[in-house]
Each structure stands twice: as C-alpha cells, then as structure tokens.
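Participant: using only what follows, build the 3D model:
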Amino acid sequence: MKNKEVLLFFGAVAGIALAAVGSVNSENDVFPQDALAVVNGAVISQNQLNAKIDQIEKAREAGLSENEKSVLLTNLVNEQLLLERAAELGLAESDATVKATIIDAFKEFIISEKEGAEVGEDELQSFYAENIQRYTPSPKYLISAYLAKSDFGDNVNADVLNTDAETIEMPDRPLPAGLLRRYLGKEASAQITQVQVGEVSGPYKRLGDYLYMVVDEIEQQSPRSFGDVKALVQADYTRVEGEKLFAEYVEKLRAEADIELNEALR
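Facilitator: Numbering: from 1, shown residues only. Okay, here's the model as predicted:
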C-alpha cells in the first residue's frame, strides 16, 4: 500500500472503533460470565477494566468517576478492534504505535487533504468573527491576597481580611491568571476567572494557614486583528474542518461495528 492508502485504512479502523460504542445490542442474554463487552467474539472482562482503573488511580493518586470508567471501557473496545485490523495487516499486537497513533494518523490524513483546498478570504473572516474569543488574549487581574491563621467562614469580607489577616505582597499591575499562579498557588489561581470585582474568594489551604484573595480589577483585552492572526486562523479553520470531515466519516461507519455491550454489568 502507498502511505496515504495505509493511513486511509487505519482511519477506517479508527472510525469503526469510535462508532462501536454507538452501536449497542440491548440483548444481554448471551454474555459470558464477567463479560462487559463482546467485540467480534472477543471478550472484554470486568477484570480487564479493573486493571486499567487500578493503574490510572495509582498514577493520579485519586479515584475515577463513573464517566471516566465508562470512557475506559470504550477505549478497551476500540483497542480490541484496532488490534484485530492490525493483525490483518500483519502487524504484531504488541506494536505500541498501532495502539497509540492510529486515530491521530487518520485525522492528520484528513486534515492534510483539507490543507490542499483553497479557502476564500471571506470564509476565513467569517470563521475569525465566529470564534473571536480564540484570538482575544486572556483578561488580566489585579489581586489582593491575605494569609490567615483561621477560617473566617461566612463572615469574611475585605474589612475582616485587612484587620485580621496578613497581607501578601502581590504585583501592583494586572496580570493573566496563569502568571498569578506563582503568587497564589494552583488552587486559588484556577478560581480567579470565577471571581467578580470586590468579591472575596477562599479560603485555600496553604501549609496550615488559610489563603484569601480579592479581585480588585479585571482588565479585559481586545481581540488581535485578523491581519495579525491570519495564519493562525487558517490553521484553526483547517483543523476544525478536518475534524468535521472525520466525524462525518465516523458517522457513516457506525452501522459496520459488530459490538455488544453488557448493560447489566456497566
């Protein structure tokens, strides 16, 4: 096969894998014991899923949600389909590239086809206008921060903080939330965009103390001009349109998947 033909083949496999979860047989009376799914006759068991869950939970040191566990089962189904098609091509099942890159390869193939198409200036202008937030720098925030020995509870306000808490030295100019992380820490800085001017946010634990912050000012930023970001708009447009084409391709393949999910054990 030529390179693009190989990618197209892989893409069909990826499409079938993604489509599989949308093609569910509701009859659950022929499942082997402990089987969560049967993929072209191959069983995916509860033990397999549990092993994946344990591996990830140990790595992140936190439990997975039910939705995340469902996604893992989907991934196991996808992987089984990919391995079957890889075997048909004569590739070893242990080939990590088959497992890890097959879907991305096909997306890149579709996007490369889109890159060769002519896109009019008006079309790019419309995409820019519809997605203006992509090209608008993040707001900047002027923050006051305080460290207290106790949690003030619902009684906290700016006056309480100024009287009963230690003021933390902060930049005297507005900065993006990402740059404020070094002063506030990960948890507090992640909440900046949810806080209104004058509102107290916190407490956030910091080495046994309690961190509070007040947003004193929000400096909104203007969008970058189309001329300045035209190359980026072109790249974004190509990627978005390529993903649409990929989704359309997957939709056509939904009926081709031979998948049964055991809803009784999910």
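
Participant: strands of the stretch 151-266 of the chain, start to end?
Facilitator: For the stretch 151-266 of the chain, applying DSSP state E, counting those that start in this stretch gives strands covering 166-168, 175-176, 200-206, 209-219, 259-261.

Participant: so where is the stretch 51-200 of the chain shaky, pLDDT-wise?
Facilitator: Applying pLDDT under 70 to the stretch 51-200 of the chain flags the ranges 82-117.

Participant: picking up where we left off before, most tightly surrounded among the strands of the stretch 151-266 of the chain?
Facilitator: Stretch with highest mean neighbour count among those: strand 259-261 (a mean of 21; mean count of other CB atoms under 10 Å). (C-beta placed from N, C-alpha, C; glycine too.)

Participant: so Val43 sits in a strand?
Facilitator: Yes. Counting by DSSP: H, G, I helix; E, B strand; the rest coil, Val43 is located in a strand.

Participant: do you know how far it is from Leu36?
Facilitator: Computed as CB to CB, to the nearest Å, the Val43 to Leu36 distance reads 8 Å.

Participant: looking at these two, which one has more neighbours?
Facilitator: Shown here are Val43 and Leu36; by other CB atoms under 10 Å, Leu36 has more neighbours (21 against 16).

Participant: what strands line up against the helix or strand the more buried one falls within, and which way round?
Facilitator: For Leu36, the element it lies in under DSSP states H and E is strand 35-39. Strands that pair with strand 35-39, judged by DSSP bridges, come out as strand 42-45 (antiparallel), strand 259-261 (antiparallel).

Participant: quick one: the helices in the stretch 151-266 of the chain?
Facilitator: For the stretch 151-266 of the chain, helices defined by DSSP state H, counting those that start in this stretch occupy the ranges 158-164, 177-184, 186-190, 226-253.

Participant: show me what counts as buried in the second one.
Facilitator: Within helix 177-184, the residues that qualify as buried are Ala177, Leu180, Arg181, Tyr183, Leu184, counting by 16 or more other CB atoms under 10 Å.

Participant: residues contacting that helix, please?
Facilitator: Helix 177-184 is contacted from outside by 138-139, 141, 143, 145, 168, 170-171, 189-190, 192-193, 204, 211, 213, using CB atoms under 8 Å, 6 or more residues apart in numbering.

Participant: nearest residue to Val229 in space, please, no chain neighbours.
Facilitator: Spatial nearest neighbour of Val229, chain neighbours left out: Tyr135 (4.9 Å); criterion: CB to CB, 6 or more residues apart in numbering.

Participant: any idea how far the one you found is from Tyr128?
Facilitator: 7 Å.

Participant: tell me which of these two has more neighbours.
Facilitator: More neighbours surround Tyr128 than the other of Tyr135 and Tyr128, with 22 against 17 (other CB under 10 Å).

Participant: what are the phi and psi values at that one?
Facilitator: With angles defined as degrees, to the nearest 10, Tyr128 sits at phi -60, psi -50.

Participant: still on that earlier bit, between the contacts of helix 177-184, which sits nearest Ser70?
Facilitator: Relative to Ser70, the closest of the contacts of helix 177-184 is Ala190; by CB to CB it sits at 25.7 Å.
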